[in-house]
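Asks: Sequence first, then the predicted structure, then my questions.
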Amino acid sequence: MGDAQDRREAPAEEYWGESASAAFLDYGAIYTPERERIARAFLDLIPAERDERFVAVDIGTGQGWLSAAILRAFPAARALALDGSPAMLDAARRLLAPFAGRVELHPFRLEDPAWPDALPGSVRCFVSCLVIHHLDGPQKRALYARLHGRLEPGGALLIADVIAPASAHGVRHAARAWDAAVERQSLAIAGDLGAYRKFVEEGWNLYEHPDPIDKPSPLPDQLRWLDEAGFAGVDVFWMQAGHALFGGYKPARTG
Ligand SMILES: C[S@@+](CC[C@H](N)C(=O)[O-])C[C@H]1O[C@@H](n2cnc3c(N)ncnc32)[C@H](O)[C@@H]1O
């Protein structure tokens, strides 16, 4: 995803790049199919009562909209918002300023296997939107196992992300449906097709413009990795245009 020129010039491990951050800050709400609906689904799925104290970790928070939604819906919750991009962390700091005292922002490298173990305290849920596809299959599988180890019993790992359709027909449908969603949202949110034109010109539709930075994995594989890691209630909660919200729950302690 993002500016192909920027990615060619960036060092290998910096492929997301600050120009991708800038574009996503401007247009992320339009480039993400049904962000509002995804947000509501995350809030329904978080295993907590409204007034409970718990910690949510937002993996790759971007401008922080998901952390903001959680902090608004759960007034006693705290959020740890992680991202590798200085521009994204700056934007998240601004958006999350009204929640000062309940939120911490930290830089992290998604590929660093040590980051989950470096988190302070216990974690009720890990949430992530459009980030984990930057890891390859074995890295995702290892991450799911590590996150299971860091969760409280009864906690959840909830992921919204692009996935790899199982057939060329599925890829074609994901490509067309994503394109149509962005065209629709460009008109509905911005009132014109400017954002849609940028989406097309800059090749953000990874189903039409595959890029080594994007490593989506098949959904059945990811559900199996969650299952193998020990998660229960593993399910797909929403899906549209190659984007899925899926996850599972760490079994509560019994006895
Ligand atoms: C598509 S944006 C999604 C942001 C946000 N979750 C949202 O839904 O708007 C991807 C985010 O992941 C971060 N990111 C991408 N690759 C990363 C990496 N290797 N390590 C840390 N953060 C990374 C980017 O900085 C960016 O904020």
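Replies: Structure's in. What do you need?
Asks: would you list every one of the helices in the stretch 1-150 of the chain?
Replies: Ranges of helices in the stretch 1-150 of the chain, per DSSP state H, counting those that start in this stretch, are 4-9, 17-31, 35-45, 65-73, 86-95, 137-150.
Asks: what secondary structure does Asp235 sit in?
Replies: strand (DSSP: H, G, I helix; E, B strand; the rest coil).
Asks: Which residues does it form beta bridges with?
Replies: Gly247 (DSSP bridges).
Asks: where's it relative to the ligand, distance?
Replies: With distances taken as Cβ to the nearest ligand atom, to the nearest Å, Asp235 is found 20 Å from the ligand. In this view, the C-beta of every residue, glycine as well, is placed from N, C-alpha and C.
Asks: Phe126: neighbouring residues, count only.
Replies: As a burial measure, Phe126 scores 26 neighbours (other Cβ atoms under 10 Å).
Asks: surely it meets His148?
Replies: No - assessed by Cβ atoms under 8 Å, Phe126 is found out of contact with His148, at 9.5 Å.
Asks: Next, the angle helix 35-45 makes with the longest strand along the chain.
Replies: In the chain, assigned by DSSP state E, the strand with the most residues is strand 151-162. For strand 151-162 against helix 35-45, the angle by axes from the mean of the first three to the mean of the last three Cα atoms, to 10 degrees is 160 degrees.
Asks: Up against the ligand, what does the stretch 1-150 of the chain have?
Replies: Proximity of the stretch 1-150 of the chain to the ligand is confined to 16, 21, 24, 28, 60-62, 65, 83-85, 88, 108-111, 129-131, 134 under the rule Cβ under 6 Å from any ligand atom.
Asks: residue ranges with poor pLDDT in the chain?
Replies: 1-15, 254-255 (pLDDT under 70).
Asks: hang on, the earlier thing: could I get the buried residue list for the longest strand of the chain?
Replies: Along strand 151-162, these residues count as buried under the neighbour rule (16 or more other Cβ atoms under 10 Å): Leu151, Glu152, Gly155, Ala156, Leu157, Leu158, Ile159, Ala160, Asp161, Val162.
Asks: That's all I had, so thanks and see you.
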